[in-house]
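In: I'd like to go over a predicted model; first the sequence, then the structure.
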Amino acid sequence: VPTAITRRRRTKAIEFRKEIDPTGIVVGNSPAILQVFEDIAAANKIRGTAHVLLLGETGVGKTHVARLIHEASARKDRPLVEHNAGLSGGDASIQRGEWVGFGKDSGIANIPRSGKEGVLDEARGGTLFVDEIDVLSAELQAVFLSVMQGREVEKVGRGKVVPDVRCIFAMNADVTQLVADGRVRGDFFARVGTRIVIPPLRERRGDIISLALAFAGAGVAFAEPCKLAMLQYDWPENVRELKLKIEAAVARSTLFGGAHPSVEHFGLPEQVVREIKGMSAGVCSEQLWRLADQIAAAESFEVNAGRQKRAAEILGVQEAQASKKYAEYRLLPEQSNPTVLSSAI
């Protein structure tokens, strides 16, 4: 994981999490995801209108995070309007009107002469979440620069709008490269004071089993071969891919009369399935626990200071079972065999 959080900071981040996400929309306690909650808490403490840029790969949950930011902010009782910049259509005037509104006598076909509200009007006093911000035209980037500065913006036709919105932008591209290529204005990104990076699933591997159990629903369990496969796979499409594969696996196991999914049900690459199925139960179990221990160590959990407990949490079992497995596979330093798995994070 990119950030090691100290024990005290971790405890504080868990407190932020309870305040920001009381219903548990986001699953997992890895340092990488707790960092997101710390960043949200900091962004909502900034005086004035602190606009936010969410960065992360496809499928990491940027929309969920945007909603959490709004619900934990001073604007929570006002509207949250979500709009995907990539879905804007028509010519430049129509696109501009979608955002800032159409004033009187706009001359645009199918728009009433009296005008029509735009997205900024809908979000007045609240939060505007704009996904795929990197596809906006240069003209619309200039509009949003004015919006973030609180300056009035001319509508299409007669009239103006004085924006009162907090903007949360999101994208999965490289900011530095976009500016270097001239695709996005540097002053636009400079105006967005807060950036929150949402980690890909491969950087919060300790949350995978918890997420899988949440997606599977009550009464569904995963055997050790399934857990090992899930932890070894990189999940290139992130949480979205995990959710879809878990739901499909549960449905397929039910279809064939099984109580719980097996490795073959997940639709993982054939090589992953073949490797797991080729292991004996003992080898599979030992590799799983060594991998869980390595993940806990990478999250800065020390031996005799929470590592066994975290390994149990990573695998979704009781701490007592972790103690037995640590003893059985000699995972404590005085017992240890220095083997390091190539499949570790």
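Out: Here it is on my side, so go on.

In: all contacts plus neighbour counts: C-alpha atoms, from now on.
Out: Noted.

In: where does the nearest residue to residue 329 once chain neighbours are set aside land in three-state SS?
Out: Nearest residue to residue 329, sequence neighbours excluded (Cα to Cα, 6 or more residues apart in numbering): residue 286, at 6.4 Å. Classification of residue 286 using DSSP: H, G, I helix; E, B strand; the rest coil returns helix.

In: Give me the distance between residue 286 and residue 322.
Out: To residue 322, residue 286 is 12 Å away according to Cα to Cα, to the nearest Å.

In: and these two? which has more neighbours close in?
Out: Neighbour count, other Cα atoms under 10 Å: between residue 286 and residue 322, residue 322 has more, with 21 against 18.

In: residues in contact with the more buried one?
Out: 308-309, 311-312 (Cα atoms under 8 Å, 6 or more residues apart in numbering).

In: Kindly report the same for residue 155.
Out: 96-97, 100-103, 161.

In: Neighbour-wise, which one of those residues leads?
Out: residue 102 (30 neighbours).

In: Can you list phi and psi of residue 116 for me?
Out: The phi/psi pair for residue 116 (degrees, to the nearest 10) reads phi -150, psi 140.

In: and it, what is it in contact with?
Out: Each residue near residue 116 by Cα under 8 Å, 6+ apart is listed here: 101-103.

In: can these go into TSV with extra columns for distance to residue 34 and secondary structure?
Out: Listed next are the contacts of residue 116 as TSV, based on distance: Cα to Cα, whole Å; DSSP: H, G, I helix; E, B strand; the rest coil:
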residue	distance to residue 34	secondary structure
101	38	coil
102	42	strand
103	45	coil
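
In: and residue 125, how far is that from residue 76?
Out: 10 Å.

In: whoops, residue 49 was the one
Out: Separation of residue 49 from residue 76 (Cα to Cα): 13 Å.

In: again with residue 141
Out: Distance, residue 141 to residue 76, using Cα to Cα: 26 Å.

In: Which one's more surrounded, those two?
Out: Legend: neighbour count by other Cα under 10 Å for residue 141 and residue 76, higher for residue 141 (19 against 16).

In: centre of the chain versus the helix or strand that contains that one, how much separation?
Out: Using DSSP states H and E, residue 141 sits in helix 138-148. Relative to the mean C-alpha coordinate of its chain, helix 138-148 is positioned 26 Å out (Cα atoms, centre = their mean, to the nearest Å).

In: In its sheet, which strands sit next to the helix or strand that it is followed by, and in what direction?
Out: Remark: after helix 138-148, the chain's next helix or strand is strand 153-154, criterion DSSP H and E. Sheet pairing here is set by DSSP bridges, and for strand 153-154 it gives strand 160-161 (antiparallel).

In: So what's the gap between the partner strand and the chain middle?
Out: 34 Å.

In: CA atoms of the helix or strand just after that strand as PDB?
Out: Downstream of strand 160-161, the first helix or strand assigned by DSSP H and E is strand 166-171. Output in PDB follows, covering the C-alpha atoms of strand 166-171 (Å, rounded to 0.1, in the frame of the first residue of the first chain):
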ATOM      1  CA  ARG A 166     -19.200  23.000  -4.500                       C
ATOM      2  CA  CYS A 167     -17.700  21.100  -7.300                       C
ATOM      3  CA  ILE A 168     -16.400  17.500  -7.000                       C
ATOM      4  CA  PHE A 169     -14.600  16.400 -10.200                       C
ATOM      5  CA  ALA A 170     -13.500  12.900 -11.000                       C
ATOM      6  CA  MET A 171     -11.400  11.200 -13.600                       C
END
